[in-house]
Structures are given as structure tokens and as C-alpha cells.
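> Predicted model and sequence below, questions to follow.
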2 protein chains.
Amino acid sequence: MMIGRAPNFNAGPAAMPQSVLEHAAQEMTNYADTGMSVMELSHRSTAYEAIHDEAQAHVRTLYGLSDEYVVLFLQGGASTQFAMVPMHALTPQTHGAYVVNGSWGEKALAEARIVGNADVCASTKDGGYRTIRPWDAQWTNRAPAYVHITTNETIEGVQWSTEALPKHVDCPLIADMSSDLFSRPLDVRPFSLIYAGAQKNIGPSGVTLVIARKSFVDVPRPHVPTMLRYDTHIKANSLYNTPPTFAIYMMSLVLRWISDNGGLEAMDARSRQRAGHVYRAIDDSGGFYVGHADAHSRSQMNVTFRLPTPELEKQFLQEAKKQNFVGLAGHRSVGGIRVSNYNAVTEQAIDAVVSFMRHFCQMHG
Amino acid sequence: MMIGRAPNFNAGPAAMPQSVLEHAAQEMTNYADTGMSVMELSHRSTAYEAIHDEAQAHVRTLYGLSDEYVVLFLQGGASTQFAMVPMHALTPQTHGAYVVNGSWGEKALAEARIVGNADVCASTKDGGYRTIRPWDAQWTNRAPAYVHITTNETIEGVQWSTEALPKHVDCPLIADMSSDLFSRPLDVRPFSLIYAGAQKNIGPSGVTLVIARKSFVDVPRPHVPTMLRYDTHIKANSLYNTPPTFAIYMMSLVLRWISDNGGLEAMDARSRQRAGHVYRAIDDSGGFYVGHADAHSRSQMNVTFRLPTPELEKQFLQEAKKQNFVGLAGHRSVGGIRVSNYNAVTEQAIDAVVSFMRHFCQMHG
């Protein structure tokens, strides 16, 4: 039998703050003296609207959003945004330009090509997706309708550093930030649309957050299905149909937890420190652990590495499992080891896995 | 302060079984000795897969589904199905035929017309959506690609009785059963595709259930966005991308509760009895309460009625609120009173609201 909480390194759905889970458990049958669970509230009730509004307000405050930006709670995950963005932004005469630094960038590109025209303006595939190339103004030379980037690639473990993110782009800039939104401060002003599934840093799966410049998204698209139109959800304040109310409630609790615990600067400092511990264990291993990402492209969210042989990787994962570590296997498409390090991963959990890594290296290195 | 649970007549999201909520609260921070919440489990883990599989198995067992049918867990609610069905089933040369008995039928039709050709084969709009007309074989005379029905109209409170539902249709039959699926036994064999948001009878909002004939839906549609293709989700067993895992878990618990409490026959018998109490209070009121639906089209799920004046309706709702009854206002588009009576509404709650109705009638009738 399990004693206490598991050290959880899942890549998403991922660890949640324990205090948030306890809070949700405590009011599961009686939210705020309503005599109901949050999931029993009408989405048109004042009790639910307060939750919805609090979640939006946290997003606005954490990123200092001006009225030029809208905050939407949608469904279908980033995979649905892969289609919604080009359905909204492309015409038969225009194209989207994709910067592809990993598997999720590939997926976004492939989906855009189903519904419109999309080009690759930069790809690091030939190098095995180990690096993030600096922004190049030439990427917009062909006058795309937008440029799309993926700020963190969870499978390969490469990430745009805050410093590397573009400060100004002369066309709309779209970003899939599914795995690093709310993990660090961000100047949203260069971006026209940012989207993220909640299940990494801010909540359970089942809700997708969109932050977008109103002038870019609040435009009717009469031939697009209603649920896939951004203006539908803007006009209805994300209440066009029944939203995933409980998922939004959990997200509001996690956003409150972020605010109460120092905000994005603190999340950034702590995750940087935690990731640093793991990367140091790699760098100190004398080549036993080989990180996948180039040093300047290392992800703070997903630390990916290999061992000398597949057999040793298997043994590593088996011994890790015996010690109750959860979620250390690399993505099934690439193998190896992955330590995901989202907001709710604790320092204790990271210390434990780092000790394990150092010990395993001593025994087998 | 609220003592105990509120008598909750919300039209959806709606009342959940108290035992299910208590069960979920109890294992919120430690599901099945994993040391994790269900919402922290990877959707690729064996622990989560067991939940996913149990939910599917309950659906299959409750409806006695053969291998010819697939069970899918999607996102976006019925509103997304309104588009997915015609995107899947229509070509520029074909049309869908819509039976429109209320506001939700209208919405399904309007959405189909955005993405393809759709006709109304029958509508009760002229009569104010008070009745369900018997199935007419002539509705398929123009050889539609499918006929679409809405088995229960939550806003108007009219429902296809089990006896009235078509036994055989000579083209694919599609049904929006968002508000009455799992409330009664059903022979699924006349249907090619049934869809339902979970938030009425089987769980929280955020997950959409689809039961469909495999030969009808497992057909590639290369030009449709990946997330809107049924075959995407069939091939991936509803795990193409991260599903709304916690909502599916809650649904699995509610489906288990239905199975443990006599199955669909028992749900049907009990909801029929509860609805009967409310309809009797209407019929016994000497015309003070006027039911919206014709007698043979009355919904077991949503009892809708008017009072003699808007002032009395307002007073009824004010006094109901003082007694902590929740969700009795009719839909904002039609006004009046609505008593929603889904699976988890208790006999005690219905007895209380019926007593209130009889008392209010005595005082003001």
C-alpha cells in the first residue's frame, strides 16, 4: 500500500498541488454552502459565474493583460486549436508559416495542411529536434498570414528560452504554449494568439485556455462550424454551450494557488532550480546520462535523456518503479527517460529522483 | 448556512448521486492506492485505462451493445456533434432531414446548414413545440443521407415516448439524446448514431458520449479536421489526444451507480414515478398550473408549466428560492417553471417540490 503522495513526473495530465486537491475534496458535496457540488451548479448560476470570473481574472492579472486581449475556456485540447487557428486565419490565397522544433510542431503543421496552406519556415528535424534556432526575420519574407511556434516540445524536451522568444514579429504570431504557459513570466504583446491545454501547469485535462488579441480573433467566420469560431466564444464569454465547469473550477483553484505562491516569477525561479538539479545530475554523470537537448535549448519543463543502452534504460525504469516514481519513461515515440517538471512537482520529488539518478549512475556507470 | 444537500432541479449540469460525489471526494488525493488523484494519472497509464474501460463496459452492458457499435468519449458537447454529424455524413450532393420538435432540434438544423444541406422533414414549431408527431415513413421520401431527431427537448419539455420512437427507418437515424440517454431502456438497433453530453443523467459537463454503428462512422474523411473525424477517435479508442480524464472517471462512477441500482429499467420506473407526481400536481390544480406539453408528449425529464400570470411565476420562484429549491426557473428563452428530473434527482426532492406546488396553488389559486 502506498503511503502518502507519489513523486509524479507525468508529462500531462500531471501532478496537481496537494492543497488544491484537498480543497476540492473538502467541498465536493457542498460548495460554498450551496448544498451542491461545483459539478451540479448550473453554468448560468451566480455561484458558477463567480468561479468562471475568478479564473479569468487570475489569467488577466498574472499576465497583466490589457483589454486588447480576450481569455477563453474551450474544449478539445491543443489538437483542436491546431485546426481552429488555420480555419480562422487562412484563406485559399494565404498560408501559415510553421517553425517546427519537435513532434508537436509537426502535428500543428499537419493539421493546418488539412484545412489550408501551410509552409515550414524553419525546422530542426534534421538534427533530431535538439535545438531551438534564434528567431530569423527572414521567416516572414513570404508574407504568411501568421507564424506558428511551439514554445516547449514535451517529447524532445526543447524549449524557447524566455530570452529567445521573439519581441517583435511583423505578422500575427501564434504559439502553442500547452506545456509552459503559467510556468514563467511572459510579455504577451508580440503574440496574437496563445493556446494551452490545462493539464500540464494549471489543472486537469478537459479545458483549453486561449489568450488572444481581440482584433485578431473577434472576426466572424460564417462558414466555420459555430463551436470552432473564436467569435462565438468571445460573444458568449465562453458560455455559448455548457463549458467543462468542474475543470474550469480546478483551473481557478490552481491559478489561485499560483497567485498565492508568488506568481509567475516564483514558478519560474522554482522550476528553473528544480530542472537545474536534474540537468546537473546529467552533466555530472561523466557521459552516463546523455541529455537530448542542446545546452541552450534545454526545457525547464521536460528533462529528456538517454542511458548507454536500452537495457540500462529498462533497468532504470524498473528500479524507479519499485521506488514508486511515476511517469519517468520517455514518450513512446522516442523512448529514453523524461522527468517532467511542471509547477506542482515538488522540490522533494525532484531531490528524490536526482538522488536515485546519482545512485543508479554510481552502480552502473 | 445550508444544512445538507439542496433539492436540485437544474436542467444540466444537474444533480449527481450523493454517494458518487462522496466516493470521488474520498479518493481525490489518492486513487486506488496510487498516491495520485485520478486527474494526475497519465491517460496512457494502466490505472486510467481501467477507468476508461469500465465506463465503456457499463455503456455496452446497459444497452446490450453488439460489436457492431462503438462507444466514444469526445469533447465539445452536443453543440459540437451538431457539426460533426453533417461533416461526416453529408456530401455536396446529399442532404440531412431534421425532425424539429423544439429549440435543440432547431440548433442541430441550423448547424447542419452551415456545413451542408439540411431540410426540415417535420416541425411542430407552429404549435409552439408542444407535441411529438408519430413517425411518418414519408419523412424519408426525398432519400436523405440521414434523419435527425432530438429525443427530449429540455426547454419545451417534450419527449419521444419509448413507444413512439421509430423501430425501423430506411436510412441512417441520428439522435441527440443529451437529456434522456441512460434514463430508460432503449433498443439502439434502429439508430446509426446517438450522442449526449454527460451533464444531465450520467456525469459532469466536459464529456460527450457517442454510441454509433461502426459501419456508419468508421469511414475516413480526409478533409475533415482530425479531431472532428469519428474514425480518429475509433482507431485511438477515444485516446487520440488527452481525453477529459476526470469527467470520464465521474461518468464511470455514475454508470456504476446506475448498474448497481437496477439499471435502466429501474431508472425509468423511478423517473416515471417522480415525473408523475409533478404532472399530477399540475393536473390537480384546476388550471392554476398549465403544462406546456400535450399529454402524450410530456417529458419524463423536464416538466415545464406556466402559472396564470408572470407576477405569480415570479412569486413562485421567489418563495421556492427561500425554501432552497434550486433550478426551477424555465429556460431564459421561454420563461415559466421547469422541474428537471434526471436520474439523480431524489424522490424526497420531488416530494418536497410537489408539496410546495400544492401549497402555493392553495394560497394563490
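Happy to help now that I have it. Being a predicted model, the structure only gives us computed values, none of them experimental. Numbers count the residues shown, from 1 in each chain, chains lettered A, B, ... in the order given.

> pretty sure A:Gly102 is touching A:Thr151, no?
No: counting by C-beta atoms under 8 Å, A:Gly102 stays clear of A:Thr151, with 10.7 Å between them. C-beta coordinates here come from the backbone N, C-alpha and C atoms, glycine included.

> which residue ranges form the helices in the stretch 101-250 of chain A?
Shown for the stretch 101-250 of chain A, the helices assigned by DSSP state H, counting those that start in this stretch span residues A:103-115, A:214-217, A:230-235, A:245-260.

> what does the stretch 251-365 of chain A give?
Using DSSP H, counting those that start in this stretch, the helices of the stretch 251-365 of chain A run over residues A:263-283, A:310-322, A:347-364.

> now those helices in JSON lines, with mean neighbour count?
Listed next are those as JSON lines, based on neighbours: other C-beta atoms under 10 Å in any protein chain shown:
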{"stretch": "helix A:263-283", "mean neighbour count": "18"}
{"stretch": "helix A:310-322", "mean neighbour count": "14"}
{"stretch": "helix A:347-364", "mean neighbour count": "16"}
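
> Pipe these into CSV and attach distance to chain B and mean pLDDT per row.
As requested, the helices of the stretch 251-365 of chain A are arranged in CSV below (distance: least, C-beta to the nearest C-beta, whole Å; pLDDT from 0 to 100):
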stretch, distance to chain B, mean pLDDT
helix A:263-283, 17, 98
helix A:310-322, 12, 97
helix A:347-364, 11, 97
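
> Of these, which is nearest B:His292?
Among the helices of the stretch 251-365 of chain A, helix A:263-283 comes nearest to B:His292, with 51.3 Å by C-beta to C-beta.

> neighbouring contacts of the closest one?
A:62-63, A:162, A:182-186, A:201, A:258, A:261-262, A:289-291, A:298-301, A:303, A:305, A:339, A:341-343, A:345, A:347, A:350-351, A:353-354, A:357-358, A:361 (C-beta atoms under 8 Å, 6 or more residues apart in numbering or on different chains).

> Could I have the ChimeraX command that selects the buried members from those residues?
Of the contacts of helix A:263-283, the buried ones go into a single ChimeraX selection, burial set by 16 or more other C-beta atoms under 10 Å in any protein chain shown:
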select /A:62,63,182,183,184,186,201,258,289,291,298,299,300,301,303,305,339,341,342,343,345,350,353,354,357,358,361
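
> residues touching the closest residue in space to A:Gly4 that isn't next to it in sequence, list them.
Of all residues not flanking A:Gly4 in the chain, B:Gly35 sits nearest, at 6.4 Å (C-beta to C-beta, 6 or more residues apart in numbering or on different chains). By C-beta under 8 Å, 6+ apart, the residues touching B:Gly35 are A:2, A:4-6, A:8, A:324, A:326.

> Now flag whichever of these is closest to chain B.
Taking C-beta to the nearest C-beta as the measure, A:Ala6 is the one of those closest to chain B, at 3.2 Å.

> Local confidence estimate at the residue nearest to the closest one when sequence neighbours are not counted?
Leaving aside its sequence neighbours, A:Ala6 sits nearest to B:Gly35 (C-beta to C-beta, 6+ apart; 3.2 Å). pLDDT recorded at B:Gly35 is 95.

> same thing with A:Ile3?
Note for A:Ile3: predicted pLDDT of 53.

> related to what we said a few turns ago, ok, which of the helices of the stretch 101-250 of chain A comes nearest chain B?
helix A:245-260 (4.8 Å).

> now for the closest one, which elements pack on it?
When contacts are defined as 3 or more C-beta pairs under 8 Å, 6 or more residues apart in numbering or on different chains; DSSP states H and E, helix A:245-260 sits against helix A:18-26, helix A:46-63, helix B:245-260.

> Could you dump these into TSV with mean pLDDT and distance to A:Val210 added?
Shown next, in TSV, are the helices and strands packed on helix A:245-260 (pLDDT from 0 to 100; distance: least, C-beta to C-beta, whole Å):
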stretch	mean pLDDT	distance to A:Val210
helix A:18-26	98	22
helix A:46-63	98	10
helix B:245-260	98	20
